[in-house]
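Student: This is a predicted model, with the sequence first.
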Amino acid sequence: MKTPEEIDIETREWMDAPLGPTKWSHTVELRPMQIGERIRLIRMLRGYSLRDLAAKCDVSYQAIYHWESGIRSPRAAKLRTVCDALEVSSVVLFAKTLKLQAED
């Protein structure tokens, strides 16, 4: 399992790096990202599949896919639901840095 220092966000290597049962905390400076890319990053770090997040947000998994791939953007009301499902503040989706934390 990779630590945050070993995850290369620029090459999207983070997509293959689940949190797993480790303890660490790290702040990552993010390149400019679209909102969908942020949703995907946080979803994958949380270990949720498209279907998991879709069920939590009461939307189809295709809607999540469309948001993440930039085909569509979520409406403001759904952004709140997505943030709640991902257990993050809406500020996180627009921040320049991201604090990653995992615990047992």
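Tutor: Arrived safely, thanks for sending. Numbering: from 1, shown residues only.
Student: Just the element for the closest residue to Glu37 other than its chain neighbours, please.
Tutor: With Cβ to Cβ, 6 or more residues apart in numbering as the measure, Glu68 is the residue that lies nearest to Glu37, at 7.1 Å, once sequence neighbours are left out. (Each C-beta comes from the backbone N, C-alpha and C, glycine too.) Glu68 belongs to helix 61-69 when elements are defined using DSSP states H and E.
Student: same deal with Leu41?
Tutor: Leu41 is part of helix 35-46, with elements assigned from DSSP H and E.
Student: for the protein, what spans make up the helices?
Tutor: Secondary structure of the chain by DSSP state H: the helices cover 35-46, 50-57, 61-69, 76-86.
Student: In TSV: these, plus mean neighbour count and mean pLDDT.
Tutor: Supplementary listing: the helices of the chain in TSV, determined by neighbours: other Cβ atoms under 10 Å; pLDDT from 0 to 100:
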stretch	mean neighbour count	mean pLDDT
helix 35-46	20	89
helix 50-57	17	95
helix 61-69	18	94
helix 76-86	16	92
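Student: Just put those helices in CSV and tack on distance to Val92.
Tutor: Written out in CSV, the entries for these read as follows (distance: least, Cβ to Cβ, whole Å):
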stretch, distance to Val92
helix 35-46, 7
helix 50-57, 15
helix 61-69, 15
helix 76-86, 7
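Student: closest one to Ala95 among those?
Tutor: helix 35-46 (8.6 Å; Cβ to Cβ).
Student: In terms of secondary structure, what does that closest one contact?
Tutor: Taking 3 or more Cβ pairs under 8 Å, 6 or more residues apart in numbering; DSSP states H and E as contact, the helices and strands that helix 35-46 lies on are helix 50-57, helix 61-69, helix 76-86.
Student: Tell me which other helices or strands the first one touches.
Tutor: Applying 3+ Cβ pairs under 8 Å, 6+ apart, one finds that helix 50-57 contacts helix 35-46, helix 61-69, helix 76-86.
Student: Cool, thanks, talk later.
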